[in-house]
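*Asks:* here are the coordinates; sequence isn't available:
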């Protein structure tokens, strides 16, 4: 079972919408057995699945009760192949209770619970709160992959450095196999210059960015009122196609990792991006140019392209949208990679 955490410290970036729709596509379109875990005390994923309640045990009890029976917390949804562990405000007190409990490890409770379900599900999607608390750390310890939804606005890069640091610390101390797959843009509007230039800027940072972005659609909000995944509420809208493409892109990363025997697990996000984006393009002129350089020939044109990009970055006018993002990234201490 592959475990994916979807997280961002910033709210309003479609974490829950993305978690629910990716889980549903894996089950309904791909035919996998999927477990969705609501790890946010607001319980929005539970509400979309029509399972929000205080009468059933859920994520809070997974955190606090030793040796809990999975049948007590896992509920079937209205969609074939998709089950859920719900959350409510009890998760707030559960986090406090875990922090005070010194009788057993605090960070590995999700992992121990999910280890017992390895043969029951193909994939597990965890919808996390916009916070770093003990239940979020438990989710990272239990996860194989992390994806970060992000919207293009003035606060797009806020918290990315802190989140990446937490992911790196979790990998170093508790989960060596944890992999930061990258960010993906949500609520994307191609007619908005801020979105187009902002996404271009994000791809210059040290973090990998998925090729797929989720287009903004007026169908998304009504789908939450109807308690339906977007591909059922509006199968022909852009967001439906985009979430399918995003799932496909992530599955390719998972498949490539399995093909390599998991050799890329635990590596830096930039190394994963290089494997995913740059290496497939190396077979042509780049490789030949490197051979010419090794043989004493002229340097390949990629050097000149990079030099031109450096000049473009250096003289980028600060009053353009991309210039504003670039200045904000420098103030936040983020690196740009061309």
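*Replies:* It's in. Worth saying up front: this structure is predicted, and the values here are computed from it rather than measured. Numbers count the residues shown, from 1 in each chain.

*Asks:* tell me which element residue 37 falls in.
*Replies:* When elements are assigned from DSSP states H and E, residue 37 belongs to strand 34-39.

*Asks:* quick one: buried residues of the helix or strand following that strand?
*Replies:* As assigned by DSSP H and E, the chain's next helix or strand after strand 34-39 is helix 44-48. Neighbour-count burial for helix 44-48 flags 44, 45, 46, 47, 48 (criterion: 16 or more other C-beta atoms under 10 Å). All C-beta spots, glycine's among them, are computed from the backbone N, C-alpha and C.

*Asks:* Could you export the residues you listed as a markdown table, including pLDDT?
*Replies:* Shown next, in a markdown table, are those (pLDDT from 0 to 100):
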| residue | pLDDT |
| --- | --- |
| 44 | 96 |
| 45 | 97 |
| 46 | 97 |
| 47 | 96 |
| 48 | 96 |
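
*Asks:* ok, back up a step: next one: the strand holding residue 37 to chain centre, how far?
*Replies:* Counting by C-alpha atoms, centre = their mean, to the nearest Å, strand 34-39 is centred 14 Å from the centre of its parent chain.

*Asks:* Show me what it is packed against.
*Replies:* With contacts defined as 3 or more C-beta pairs under 8 Å, 6 or more residues apart in numbering; DSSP states H and E, the packing partners of strand 34-39 are helix 15-28, helix 44-48, helix 59-64, strand 82-85, strand 123-128, helix 134-142.

*Asks:* average pLDDT for it?
*Replies:* What strand 34-39 shows for mean pLDDT is 98.

*Asks:* Other residues contacting it?
*Replies:* Residues from elsewhere that reach strand 34-39 (C-beta atoms under 8 Å, 6 or more residues apart in numbering): 1, 19-20, 23-24, 26-27, 44-46, 49, 58-59, 74, 77, 81-87, 91, 110, 117, 120-129, 135-136, 139.

*Asks:* and if we set it to 6 Å?
*Replies:* When contacts are defined by C-beta atoms under 6 Å, 6 or more residues apart in numbering, strand 34-39 is touched by residues 23, 26-27, 45-46, 59, 82-87, 121, 123-128, 135, 139.

*Asks:* Buried ones in it, by neighbour count?
*Replies:* Neighbour-count burial for strand 34-39 [16+ other C-beta under 10 Å]: 34, 35, 36, 37, 38, 39.

*Asks:* ranking the helices and strands packed on strand 34-39 by burial, who's on top?
*Replies:* Neighbour counts (mean count of other C-beta atoms under 10 Å) averaged over each of the helices and strands packed on strand 34-39 peak at strand 123-128, with a mean of 28.

*Asks:* what helices or strands is that one leaning on?
*Replies:* On a contact count with 3 or more C-beta pairs under 6 Å, 6 or more residues apart in numbering; DSSP states H and E, strand 123-128 meets strand 2-6, helix 15-28, strand 34-39, helix 134-142.

*Asks:* where does the spatially most central residue of the chain fall, phi/psi-wise?
*Replies:* Compute the mean C-alpha point of the chain, and by C-alpha atoms, centre = their mean the closest residue is residue 147, 1.2 Å away. Phi and psi for residue 147, reported as degrees, to the nearest 10, are phi -130, psi 140.

*Asks:* Pull the contacting residues for it.
*Replies:* Contact analysis of residue 147 by C-beta under 6 Å, 6+ apart lists 6, 181.

*Asks:* Report the beta-bridge partners for it.
*Replies:* Listed beta-bridge partners, residue 147: residue 6, residue 182 (assigned using DSSP bridges).

*Asks:* and it, how far is that from residue 246?
*Replies:* Residue 147 sits 9 Å away from residue 246, taking C-beta to C-beta, to the nearest Å as the criterion.

*Asks:* wait, residue 170 sits on residue 138?
*Replies:* No. Under the criterion of C-beta atoms under 6 Å, residue 170 is not in contact with residue 138, lying 10.1 Å apart.

*Asks:* Cheers, nothing more for now.
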